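Student: Here you go, sequence then predicted model.
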Amino acid sequence: QKEVEQNSGPLSVPEGAIASLNCTYSDRGSQSFFWYRQYSGKSPELIMSIYSNGDKEDGRFTAQLNKASQYVSLLIRDSQPSDSATYLCAVNTGNQFYFGTGTSLTVIP
Amino acid sequence: DAGVTQSPTHLIKTRGQHVTLRCSPISGHKSVSWYQQVLGQGPQFIFQYYEKEERGRGNFPDRFSARQFPNYSSELNVNALLLGDSALYLCASSWRGFSSYNSPLHFGNGTRLTVT
C-alpha cells in the first residue's frame, strides 16, 4: 500500500467549474497535509496547507481534511485555464514527506 | 527574499561518473531535503538535513550521499551514475525539521540530470 494515493486523472473541467481533487493516506499519525501545484517541467509550488480537521479556504482554493477517514481533498472554484497543472498531495508523517503521484488537471476554455 | 536556489539547472553525465548538485535554502530556513522525481511520479524522498545533521534517509542506495554546511546550504552527491538516475532532483527547504508539523517544504527549480 502506498503512503499517499491520488487519482492520476487526467481530470478535465470546463472554465468556471469546480475541480475536485482527492487524496488518501495510510499513516494515521500524520499531522500535516499539503497541496502543491506543478506545471509541466517546473518544480512543485505550495498552494495550501492544512493541519486540523475541517475546511480551510484561501481565495479560490479550499482544502478539506478528515483524519478519521484519512482523506484530504482540494476544491478549486471558478477554475481557470491557468489552473491546468498536476496537483500533488503531500503528507508529513513526522519523519518524512510522502507525495502522491499527482492528479493532472486540464481546464478547458 | 530569494527562494531556494539550485545549481546547475541541467546536467548531462555518462554512466559511471559522479555528480554534485547544490542547493541554497531560503534565508532563515534550517532544514534542507532532497527529492528525486521521475516523469509521471511524485517526488521521492532522498535525504533530510536539519541543523547540519542528517535526520532522515529514503530508500536510495549508498551511491547517494549528502551534507549540509554551516550556512545551511547543501550538496547532494551521486556516485557511479546509472541510466536510471536520470531524473529531476529537487531541493526543498523548511524553517524547521519534519517533526515540526507546521513547516511546509519550499522547492527550488530543480536540477535536470540526464545520464547517457
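Tutor: In hand now; what should we look at?

Student: For the residue of chain A at minimum distance from chain B, which non-adjacent residue is closest in space?
Tutor: In chain A, the residue that lies nearest chain B is A:Phe99 (3.3 Å; Cβ to the nearest Cβ). For every residue, glycine as well, the C-beta is placed using N, CA and C. Nearest residue to A:Phe99, sequence neighbours excluded (Cβ to Cβ, 6 or more residues apart in numbering or on different chains): B:Gly42, at 3.3 Å.

Student: Run a quick neighbour tally on the one you found.
Tutor: Residues within reach of B:Gly42, counting by other Cβ atoms under 10 Å in any protein chain shown, total 23.

Student: Chain B contacts on chain A?
Tutor: Listed as neighbours of chain B in chain A under the rule Cβ under 8 Å from any Cβ of the partner chain: A:4, A:31-32, A:34, A:36, A:42-46, A:49, A:51, A:88, A:90, A:92-102.

Student: so what strands line up beside the host helix or strand of A:Leu105?
Tutor: A:Leu105 belongs to strand A:103-108 when assigned by DSSP states H and E. Strand A:103-108 sits in its sheet next to strand A:11-14 (parallel), strand A:85-92 (antiparallel), going by DSSP bridges.

Student: Enumerate every residue touching B:Gly110.
Tutor: Taking Cβ atoms under 8 Å, 6 or more residues apart in numbering or on different chains as the criterion, B:Gly110 is in contact with A:43, B:6, B:9, B:37, B:88-91.

Student: Quick check: which ranges of chain B have low pLDDT?
Tutor: Residue ranges of chain B with pLDDT under 70: B:1.

Student: what does it have sitting close to chain A?
Tutor: Contact residues (Cβ under 8 Å from any Cβ) of chain B with chain A: B:33, B:35, B:40-45, B:48, B:56, B:58, B:88, B:90, B:98-99, B:101-110.

Student: Filter these down to the buried ones.
Tutor: If you count burial by 16 or more other Cβ atoms under 10 Å in any protein chain shown, the buried members of the residues of chain B next to chain A come out as B:33, B:35, B:42-45, B:48, B:56, B:58, B:88, B:90, B:98, B:101, B:103-110.

Student: Where does chain B get nearest to chain A, residue-wise?
Tutor: The minimum distance from chain B to chain A, using Cβ to the nearest Cβ, falls at B:Gly42 (3.3 Å).

Student: Over to that residue. Which of the three states is it?
Tutor: Following DSSP: H, G, I helix; E, B strand; the rest coil, we place B:Gly42 in the coil state.

Student: from what I can see it touches A:Val91, true?
Tutor: No. At 10.8 Å, B:Gly42 does not count as touching A:Val91 under the criterion of Cβ atoms under 8 Å.

Student: who touches both of those two?
Tutor: Residues touching both B:Gly42 and A:Val91 by Cβ under 8 Å, 6+ apart: A:Val4.

Student: Can you flag the buried ones in the contacts of B:Gly110?
Tutor: Buried among the contacts of B:Gly110 (16+ other Cβ under 10 Å): A:43, B:6, B:37, B:88-91.

Student: for the residue nearest to A:Ser8 when sequence neighbours are not counted, phi and psi?
Tutor: Nearest non-adjacent residue to A:Ser8, counting by Cβ to Cβ, 6+ apart: A:Thr101, 5.6 Å away. When read as degrees, to the nearest 10, the backbone of A:Thr101 gives phi -80, psi -10.

Student: do you know how far A:Thr101 is from A:Val13?
Tutor: From A:Thr101 across to A:Val13, the span is 20 Å (Cβ to Cβ, to the nearest Å).
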